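1. Need a 3D model of the sequence below.
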Amino acid sequence: MFPQHLKAFFLISRYGFQKFNAQFRKFIAAGFSNRFSLRVATLLPLAILRTVDCSQKDGQEGKKPGRKRTMSKVKYEMCLEGKAQVYLNAMKTRWEQLHKIPGLFSYQLQKAPQRRTIPGNWGFYTELNADRSLKRRRPQTIENLNPTFKPKMFNFNKVDAKEVIMTINDAHGSPEVQMIINKSPLTKYHTLICPEVEKNHVQRITREALEFCITFMRSINDKDMRIGYNSPGALASVNHLHFHLIHLPHDLYIDQAPLDDLVGGYVYRLSRRAPTEGICILFKESDNEEQVTEKVDQIYKLANWMCQNNMPHNLFITQDRKPNKNGNVNVFVFSRSEYCVNKDLTDFNVGFCELAGYIPLPDANKMENLTELQVLFRIRTVTGDAPKAVYEEITNIVEGRDHSFWEQFLTI
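-> Now for the predicted structure:
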């Protein structure tokens, strides 16, 4: 009964939670020698919480309001924030040069592909890309969300040197990243962001890679560039850590989808009026370094939790295209209950593109006849009830709830 009465207190203050944990364990070690000790044990948590509350207030009185991050010109020019646009400009130029080399890409993208906006309430956007289903490298089968790296299978250590657009290794505080062409591109400038290639990371998000992608997107001046991630079981094709950088100038349903507050004032869920389910973490242009770090940590914790719970997932990172939202970046996280082992190359699959509203299709007839109802049915089939669990978990993470301690505490 004792933990149950106190649980509400500790869900409010993570700091108080930690202080109580340390103090109470010391008290337990000393033992309950008499009734007086038992009474002290009962009052101890309240005293600690009162002390924590006072200390926090004292600290807050002298703390200045958060403000937009500032740094010296020299430091800014050394960091990814100051270099991202230069990298992007160079990447675009080099990509177009490589696209003209015969045989380097599996196929040449059409300058004006056949396209269609599916009639309906949400305007899912489709493009014909028949070559991708016919000429792309066969996708790997990745058995689970905690795979092992298999060096004999295709990985990014094996790509032709010509396929590497650039290596970013001079951005202070960021991991080394190779920008590699996608030989079977979905769109113009389709590039793979491959962090620390030689370390052979499996296709599971690392915190450093996540921070790189979010910082990159916050630092470029091009709303048409988007970043996506597919986990194992959610359309990942290669078991070697990579994100997709693609050029999508068309407004997608996700760009205007209504959002409902979920937790923290910056974590939202797609509205119940929206066609799909997922969460959105907002990075404001005015966020300072501490705020950005905290949000990246929370997304990383959520990704780890989904892996531990065998929940395939997709990320879609995009600048906010709504009016008067310049400089903001949205990170959408989609979870799913259905594990996709093999891709159907003759139909449309559900990865980060499709979840965001962009559907590349291999067949002109299918593109002309696909309905919004069919798209929604396919998406809702793979997502299932998984988003509900994610809403609860991200709330726990943002509010600082630590389930593991309570499980240990109840066993004392």
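
2. dump the residue contacts of residue 262.
-> Counting by CB atoms under 8 Å, 6 or more residues apart in numbering, residue 262 touches 268, 269, 279, 391, 394, 395. (Glycine included, C-beta is placed from N, CA and C.)

3. what helix or strand does it sit in?
-> strand 259-263 (DSSP states H and E).

4. After that strand, which helix or strand is next? Please name it.
-> strand 267-270.

5. which other helices and strands contact that following strand?
-> Applying 3 or more CB pairs under 8 Å, 6 or more residues apart in numbering; DSSP states H and E, one finds that strand 267-270 makes contact with strand 259-263, strand 279-283, helix 386-398.

6. Nearest to residue 354, out of those?
-> Shortest distance between residue 354 and the helices and strands packed on strand 267-270, using CB to CB, is found for helix 386-398: 15.6 Å.

7. before we move on, the earlier item: can I get the contacts of residue 262 in TSV with neighbour count, distance to residue 335 and pLDDT?
-> TSV is the format used below for the contacts of residue 262 (neighbours: other CB atoms under 10 Å; distance: CB to CB, whole Å; pLDDT from 0 to 100):
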residue	neighbour count	distance to residue 335	pLDDT
268	21	15	98
269	21	12	98
279	24	9	98
391	16	9	98
394	23	10	98
395	16	14	98
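
8. Tell me which two in these are the farthest apart.
-> Going by CB to CB, the pair spanning the contacts of residue 262 furthest: 268 and 395, at 11.8 Å.

9. Ramachandran angles for residue 164?
-> Main-chain torsions, residue 164, degrees, to the nearest 10: phi -80, psi 110.

10. Helix 386-398 and the strand holding residue 262, what's the angle between them?
-> Relative orientation of strand 259-263 and helix 386-398, computed by axes from the mean of the first three to the mean of the last three CA atoms, to 10 degrees: 50 degrees.

11. who's in contact with stretch 317-334?
-> Contacts to stretch 317-334, defined as CB under 8 Å, 6+ apart, come from residues 213-214, 217-218, 222-223, 225-228, 251, 254-256, 276-285, 299, 302-303, 313-316, 352, 355-356, 383, 387, 390, 394.

12. I'd like to know which of the residues you listed are buried.
-> Buried subset of the contacts of stretch 317-334 (neighbour count, 16 or more other CB atoms under 10 Å): 213-214, 217-218, 222-223, 225-228, 254-255, 276-284, 299, 302-303, 313-316, 352, 355-356, 383, 387, 390, 394.

13. can you list contacts of stretch 74-86?
-> Counting by CB under 8 Å, 6+ apart, 71, 168, 170-174, 212, 215-216, 218-222 sit against stretch 74-86.

14. can you tell me which of those residues are in strands?
-> Members of these lying in strands (criterion: DSSP state E): residue 168.

15. So which of the contacts of stretch 74-86 wins on neighbours?
-> Using other CB atoms under 10 Å as the neighbour criterion, residue 216 leads the contacts of stretch 74-86 with 27 neighbours.

16. still on that earlier bit, from the contacts of stretch 74-86, pick the one nearest residue 93.
-> Relative to residue 93, the closest of the contacts of stretch 74-86 is residue 222; by CB to CB it sits at 13.6 Å.

17. State the distance from the closest one to residue 247.
-> 9 Å (CB to CB, to the nearest Å).

18. Could you chop the protein up by domain?
-> 2-63, 73-398 (automatic domain parsing).
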